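> starting from these lines, generate the structure:
(one chain, ligands or ions: 1)
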Amino acid sequence: MSGCVKNTAGPDAAPADEGNTQPLKILILGGTGFIGPHMVREALRRGHEVTLFNRGRTNRTLFPDLELLVGDRDNNLDALRGRKWDAVVDNSGYVPRHVADSATLLSTAVSHYIFVSTVGVYAAMSGNLTAADYHDVDMPNTEYDSPLVTMPDETVEEVVTETYGPLKVLCERAATEAMGEDRITILRPTWVAGPGDNSDRFTYWPVRVARGGEMLVPGTSADLIQIVDVRDLANFVVDSLEKNITGIYNMVTPPGSYAMGEFMADCQAVTASDASLTWADLSFIEANGVYAAGELPIWAPMSGDTRSDAIVNGDRSFSKGMQTRPIKETIRDTLTWWETLPEDRRDKLRAGLSAERETELLVAWHKQND
Ligand SMILES: NC(=O)c1ccc[n+]([C@@H]2O[C@H](COP(=O)([O-])OP(=O)(O)OC[C@H]3O[C@@H](n4cnc5c(N)ncnc54)[C@H](OP(=O)(O)O)[C@@H]3O)[C@@H](O)[C@H]2O)c1
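Have a look, this model is predicted:
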């Protein structure tokens, strides 16, 4: 990725990057949470100019040198009026009305709109396909043309687990209608992982392995997982801006390339931990409501209505140059970031099993199996 650097190599050099070589003026809606700052840093690193728009609540002092336009996706877009940028990255759109408002307003102010969506738009990912549906829709993997999730009442604006995916479908539609298909990029990330993740969903695993001792792990070592490193996502965002990549792209590590066994081995290698893994089979996990309660993030049963959750096709993104780094690197850098957090933040992980709950499950597992 050459970014803003002009290719001055001689005739035998590799073909020049066809991307934009001029600095771009980029507006980022939601640049101060988890994913946004990585996009901001990557855009700045490549010489672009960034303006932020958000409510001024999250990490307000993170980028003191950048222009911050304060407003609210919900009915206060005044700070955006009368301005022009080359492109906008909509990283905080959860409600279709908000996305329609900003995309309509910005359709004459920018030439390119990137909307950050989610793989949760696929019906199978949102648990919106029943076992019966699977007989009609033969879809062992989640493909670009897999059915999208729907919601019975499209006027609902409350963002909860059940509405998150279907609302994103409507957000994608609203942004596309306002901008037109040739000026929009829709990115659908799976679990985003890496430094700065305030959810601890990926972080739980390396931190738990680092703690050592007997550790409960769900399913089998062959169960597939997929993530996307936040820096790989940010790179693709800036590539899309520079090369005017439009269309719909799943943001995932290559499907089938990584399983829970490798994940745990990589966590053990990075942390030099003596953790001993106790693999609790699916029937135990289900009988104890562990998956249903979302107690073990990143992993999902490779059967029933989650069977294709970790087999999401990323070919279209890879064909446009999307790179995914080794997950070992994500593990290492996430832990390095984690260690910088204050002790009271690290005291209690926001995802995963608590020590008490894990002990309770391990006792039950041994009682049943020893
Ligand atoms: N994290 C994941 O694993 C994941 C996976 C798939 C897709 N995604 C998508 O990625 C995007 C970013 O996720 P994230 O985890 O980085 O989010 P985040 O950490 O919650 O950051 C949200 C950003 O949006 C701003 N914001 C929130 N509500 C706003 C409002 N009403 N008006 C204006 N600005 C507002 C926040 O700043 P203020 O609070 O100052 O307003 C902050 O800058 C989302 O669209 C999400 O659906 C995330």
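
> what number of residues lie near the closest residue to residue 324 other than its chain neighbours?
The shortest distance from residue 324 to any residue other than its chain neighbours is 4.8 Å, reached at residue 253 (Cβ to Cβ, 6 or more residues apart in numbering). Where C-beta positions appear, they are placed from N, C-alpha and C, glycine not excepted. A count of nearby residues for residue 253, using other Cβ atoms under 10 Å, gives 25.

> strands of this protein, start to end?
Secondary structure of the chain, counting by DSSP state E: strands at 25-29, 49-54, 67-70, 87-90, 112-116, 184-189, 192-193, 214-218, 228-229, 247-251, 276-280.

> a markdown table for those, including distance to residue 147 and mean pLDDT?
A markdown table is the format used below for the strands of the chain (distance: least, Cβ to Cβ, whole Å; pLDDT from 0 to 100):
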| stretch | distance to residue 147 | mean pLDDT |
| --- | --- | --- |
| strand 25-29 | 28 | 98 |
| strand 49-54 | 33 | 98 |
| strand 67-70 | 38 | 98 |
| strand 87-90 | 24 | 98 |
| strand 112-116 | 20 | 98 |
| strand 184-189 | 14 | 98 |
| strand 192-193 | 23 | 98 |
| strand 214-218 | 27 | 98 |
| strand 228-229 | 22 | 98 |
| strand 247-251 | 14 | 98 |
| strand 276-280 | 32 | 98 |
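
> now those strands as JSON lines including mean neighbour count and distance to residue 295?
Below are the strands of the chain laid out as JSON lines (neighbours: other Cβ atoms under 10 Å; distance: least, Cβ to Cβ, whole Å):
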{"stretch": "strand 25-29", "mean neighbour count": "24", "distance to residue 295": "32"}
{"stretch": "strand 49-54", "mean neighbour count": "21", "distance to residue 295": "31"}
{"stretch": "strand 67-70", "mean neighbour count": "15", "distance to residue 295": "37"}
{"stretch": "strand 87-90", "mean neighbour count": "28", "distance to residue 295": "32"}
{"stretch": "strand 112-116", "mean neighbour count": "25", "distance to residue 295": "27"}
{"stretch": "strand 184-189", "mean neighbour count": "24", "distance to residue 295": "22"}
{"stretch": "strand 192-193", "mean neighbour count": "26", "distance to residue 295": "18"}
{"stretch": "strand 214-218", "mean neighbour count": "20", "distance to residue 295": "9"}
{"stretch": "strand 228-229", "mean neighbour count": "27", "distance to residue 295": "22"}
{"stretch": "strand 247-251", "mean neighbour count": "23", "distance to residue 295": "25"}
{"stretch": "strand 276-280", "mean neighbour count": "16", "distance to residue 295": "12"}
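
> quick one: contacts for whichever residue of the stretch 1-150 of the chain sits closest to the ligand?
Across the stretch 1-150 of the chain, the shortest distance to the ligand (Cβ to the nearest ligand atom) belongs to residue 33, at 1.9 Å. Contacts of residue 33 were listed using Cβ atoms under 8 Å, 6 or more residues apart in numbering, and they are 58, 59, 91, 92, 198.
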